[in-house]
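>>> sequence below, structure please.
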Amino acid sequence: MTDNQTTPIVDFLNRFAAALQIESDVDVDMTSDGPRLNYSGEQAEILVRHRGEPLKALQHVVDMSFGRNFTGEQRIFVDALA
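Below you'll find the predicted structure:
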């Protein structure tokens, strides 16, 4: 489920996956803490390699790029294979 706030984030994450040449869906779960975006599928495993460093870097970029769009204590969470 995406809404006006998460659509640009999902689009960015889809372009990111395409740049890595991986096929992975992005699932969105809206929580009271903020949106949780999860890469799913076998190829999403590449993001959790090397102690999850690629995923941590992506989390930082997404937070810096889109985090200002959320109010209060809400944050954007990016995960893979959760």
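>>> how about the helices in this structure?
Secondary structure of the chain, counting by DSSP state H: helices at 7-19, 49-66.
>>> run through who's touching the longest one.
When contacts are taken as C-beta atoms under 8 Å, 6 or more residues apart in numbering, the neighbours of helix 49-66 outside the stretch itself are 8-9, 12-13, 16, 37, 46-48, 75-80. Any C-beta I mention is one placed from the backbone N, CA and C, and that applies to glycine too.
>>> if we use 7 Å, what do you get?
For helix 49-66, the external contacting residues (C-beta atoms under 7 Å, 6 or more residues apart in numbering) are 8-9, 16, 47-48, 75-76, 78, 80.
>>> just the CA atoms of that helix, as CSV, please.
Presented in CSV, the C-alpha positions along helix 49-66 are these (Å, rounded to 0.1, in the frame of the first residue of the first chain):
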residue,chain,number,x,y,z
ARG,A,49,25.4,-8.9,2.6
HIS,A,50,28.5,-7.6,4.4
ARG,A,51,26.8,-7.1,7.7
GLY,A,52,24.0,-5.2,6.0
GLU,A,53,26.2,-2.2,5.1
PRO,A,54,24.5,-1.6,1.7
LEU,A,55,21.1,-1.5,3.4
LYS,A,56,22.4,0.9,6.1
ALA,A,57,23.8,3.2,3.5
LEU,A,58,20.5,3.1,1.6
GLN,A,59,18.6,3.8,4.8
HIS,A,60,20.7,6.9,5.4
VAL,A,61,20.2,8.2,1.8
VAL,A,62,16.4,7.6,2.1
ASP,A,63,16.2,9.3,5.5
MET,A,64,18.2,12.3,4.3
SER,A,65,16.2,12.6,1.1
PHE,A,66,12.7,12.0,2.3
